[in-house]
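Enquirer: Okay, sequence plus prediction incoming.
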Amino acid sequence: MKIFKFFRTPRNLLFMLVAALMVAEGAVRAFGLVGFPLYAANAQIGYIPAASQQGSFLNKNDWQFNALHMGAPAFKPDAARDVLLLGDSVVYGGNAYRQPERLGPALQAALQVRGGGGSLAGFGGQLGAA
């Protein structure tokens, strides 16, 4: 058969292997299986999310970490009320929630509706929220 003859040469076999890997990588990227946060080793607390990164997993569960390793946009303290959230999975929210659905952003929105202004910074077991 002609198909089996095609795979007999190493060059054609290598070509098909590279093509299959390219298709597999495209599928993994299309399904969003590569968007997860990177962590760095820390002598005091173990592992900490790497600074200044954002992404989404499975194209639906988004996350972000600012320059201070907090799961939040850039922290900019001001004259209004600033709140630091301490906690673990409740503060961080886990991978099942989008960034606006987590505790920090929800409290920040509630403060702004009430006229409190200010910003929130979260520090959880994985450093999160706001």
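Expert: Looks like it arrived, so ask away.

Enquirer: got a list of what the residue most central in space within the chain touches?
Expert: Ranked by distance to the mean C-alpha position of the chain (Cα atoms, centre = their mean), the top residue is residue 63 at 3.7 Å. Residue 63 is in contact with 37, 54, 55, 56, 57, 71, 95, 99, counting by Cβ atoms under 8 Å, 6 or more residues apart in numbering. No exception for glycine: its C-beta is placed from N, CA and C like everyone else's.

Enquirer: doesn't it fall inside a strand?
Expert: Yes - checked against DSSP: H, G, I helix; E, B strand; the rest coil, residue 63 lies within a strand.

Enquirer: pLDDT score for it?
Expert: Note on residue 63: pLDDT of 82.

Enquirer: low pLDDT regions in this structure?
Expert: 1-7, 81, 94, 115-130 (pLDDT under 70).

Enquirer: Give me the secondary structure label for residue 27.
Expert: helix.

Enquirer: Would you check how far apart it and residue 34 are?
Expert: Separation of residue 27 from residue 34 (Cβ to Cβ, to the nearest Å) stands at 11 Å.

Enquirer: before we move on, what about residue 13?
Expert: Counting by Cβ to Cβ - residue 13 and residue 34 are separated by 27 Å.

Enquirer: what does residue 50 give?
Expert: In terms of Cβ to Cβ, residue 50 sits 15 Å off from residue 34.

Enquirer: Doesn't residue 24 belong to a helix?
Expert: Yes - judged by three-state DSSP, residue 24 forms part of a helix.

Enquirer: Tell me who's in contact with it.
Expert: Neighbours of residue 24 in contact, by Cβ under 8 Å, 6+ apart: none.

Enquirer: Renumber starting at 33 from here on
Expert: Done: numbering now begins at 33, and the last item shifts to residue 56.

Enquirer: For stretch 77-95, buried residues please.
Expert: 81, 88, 93, 94, 95 (16 or more other Cβ atoms under 10 Å).

Enquirer: Kind regards, and thank you for your time.
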